[in-house]
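A.B. asks: sequence? don't have it. structure:
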(Lines give C-alpha, C1' and ligand atoms only; values in the text may rest on other atoms or scores of the structure.)
Protein backbone atom coordinates (compact mmCIF):
# COMPACT_ATOMS: atom_id res chain seq x y z
CA UNK A 1 0.00 0.00 0.00
CA UNK A 2 1.46 3.35 -1.00
CA UNK A 3 0.82 6.49 0.94
CA UNK A 4 -0.80 8.98 -1.45
CA UNK A 5 1.13 12.18 -2.09
CA UNK A 6 -1.93 14.21 -1.00
CA UNK A 7 -1.79 12.53 2.42
CA UNK A 8 1.93 13.28 2.68
CA UNK A 9 1.18 16.94 1.91
CA UNK A 10 -1.60 17.07 4.51
CA UNK A 11 0.65 15.51 7.14
CA UNK A 12 3.43 17.91 6.19
CA UNK A 13 1.05 20.86 6.58
CA UNK A 14 -0.07 19.87 10.07
CA UNK A 15 3.53 19.08 11.04
CA UNK A 16 4.56 22.54 9.81
CA UNK A 17 1.85 24.28 11.84
CA UNK A 18 2.85 22.47 15.03
CA UNK A 19 6.55 23.00 14.37
CA UNK A 20 6.19 26.75 13.65
CA UNK A 21 4.16 27.18 16.84
CA UNK A 22 6.61 25.27 19.04
CA UNK A 23 9.61 27.03 17.47
CA UNK A 24 8.05 30.45 18.10
CA UNK A 25 7.17 29.68 21.74
CA UNK A 26 10.60 28.24 22.54
CA UNK A 27 12.43 31.08 20.76
CA UNK A 28 10.29 33.70 22.52
CA UNK A 29 10.86 32.12 25.93
CA UNK A 30 14.62 32.03 25.28
CA UNK A 31 14.97 35.52 23.81
CA UNK A 32 12.00 37.54 25.07
CA UNK A 33 11.88 39.18 21.64
CA UNK A 34 8.90 38.85 19.31
CA UNK A 35 11.07 39.82 16.31
CA UNK A 36 13.82 37.30 16.97
CA UNK A 37 11.31 34.59 17.89
CA UNK A 38 9.38 35.25 14.67
CA UNK A 39 12.53 35.05 12.54
CA UNK A 40 13.63 31.81 14.17
CA UNK A 41 10.11 30.40 13.91
CA UNK A 42 10.06 31.09 10.15
CA UNK A 43 13.54 30.00 9.11
CA UNK A 44 14.28 26.77 10.98
CA UNK A 45 10.84 25.12 10.67
CA UNK A 46 10.58 26.05 6.97
CA UNK A 47 13.77 24.12 6.23
CA UNK A 48 12.74 21.30 8.54
CA UNK A 49 9.30 21.03 6.90
CA UNK A 50 10.87 20.45 3.50
CA UNK A 51 13.16 17.85 5.06
CA UNK A 52 10.12 16.18 6.67
CA UNK A 53 8.28 15.94 3.34
CA UNK A 54 11.32 14.29 1.75
CA UNK A 55 11.60 11.95 4.75
CA UNK A 56 7.89 11.09 4.54
CA UNK A 57 8.16 10.30 0.81
CA UNK A 58 11.24 8.14 1.42
CA UNK A 59 9.30 6.15 4.01
CA UNK A 60 6.39 5.81 1.60
CA UNK A 61 8.73 4.45 -1.06
CA UNK A 62 10.89 2.14 1.04
CA UNK A 63 8.54 1.09 3.86
CA UNK A 64 9.36 -2.50 4.85
CA UNK A 65 6.54 -4.97 4.37
CA UNK A 66 4.83 -3.02 1.61
CA UNK A 67 5.34 -3.40 -2.10
CA UNK A 68 3.93 -2.03 -5.28
CA UNK A 69 1.01 -4.06 -6.50
CA UNK A 70 0.81 -5.06 -10.13
CA UNK A 71 -2.61 -4.85 -11.83
CA UNK A 72 -2.94 -8.65 -11.77
CA UNK A 73 -2.28 -8.72 -8.00
CA UNK A 74 -4.78 -5.94 -7.38
CA UNK A 75 -7.82 -7.91 -8.55
CA UNK A 76 -10.58 -8.13 -5.98
CA UNK A 77 -11.90 -11.63 -5.21
CA UNK A 78 -15.61 -12.22 -5.86
CA UNK A 79 -18.00 -11.55 -2.98
CA UNK A 80 -18.39 -14.51 -0.68
CA UNK A 81 -15.06 -16.09 -1.58
CA UNK A 82 -12.75 -17.03 1.30
CA UNK A 83 -10.11 -14.55 2.37
CA UNK A 84 -6.67 -15.22 0.91
CA UNK A 85 -4.19 -16.96 3.20
CA UNK A 86 -1.26 -14.79 4.26
CA UNK A 87 1.99 -16.27 5.25
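C.D. replies: Nice, I can see it. What you see is a predicted model; the values in this text were computed from it and never measured.
A.B. asks: so what's residue 45 closest to, chain neighbours aside?
C.D. replies: residue 19 (4.2 Å; Cβ to Cβ, 6 or more residues apart in numbering). Quick note: C-beta positions are derived from backbone N, CA and C, even for glycine.
A.B. asks: Who are the contact partners of that neighbour?
C.D. replies: By Cβ atoms under 8 Å, 6 or more residues apart in numbering, the contact set of residue 19 is 45, 48-49.
A.B. asks: out of the residues you listed, who's nearest residue 6?
C.D. replies: Distances from residue 6 to the contacts of residue 19, taken as Cβ to Cβ, are shortest for residue 49 (16.4 Å).
A.B. asks: Please look at the closest one and residue 15 and confirm they touch.
C.D. replies: Yes. Look at residue 49 against residue 15 with Cβ atoms under 8 Å: they come within range, at 6.6 Å.
A.B. asks: Distance check, residue 3 against residue 56.
C.D. replies: 8 Å (Cβ to Cβ, to the nearest Å).
A.B. asks: Show me which of the two is the more surrounded one.
C.D. replies: Looking at residue 3 and residue 56 with other Cβ atoms under 10 Å, you find the greater number of neighbours at residue 56, namely 18 against 15.
A.B. asks: per-residue confidence at the more buried one?
C.D. replies: pLDDT for residue 56: 83.
A.B. asks: mind checking which helix or strand the closest residue in space to it that isn't next to it in sequence is in?
C.D. replies: Ranked by Cβ to Cβ, 6+ apart and with sequence neighbours excluded, the top spatial neighbour of residue 56 is residue 8, at 4.8 Å. Using DSSP states H and E, residue 8 maps to helix 5-31.
A.B. asks: what about that helix, distance to the chain center?
C.D. replies: 12 Å (Cα atoms, centre = their mean, to the nearest Å).
A.B. asks: The residue nearest to residue 56: neighbour count?
C.D. replies: Residue 8 is flanked by 18 other residues according to other Cβ under 10 Å.
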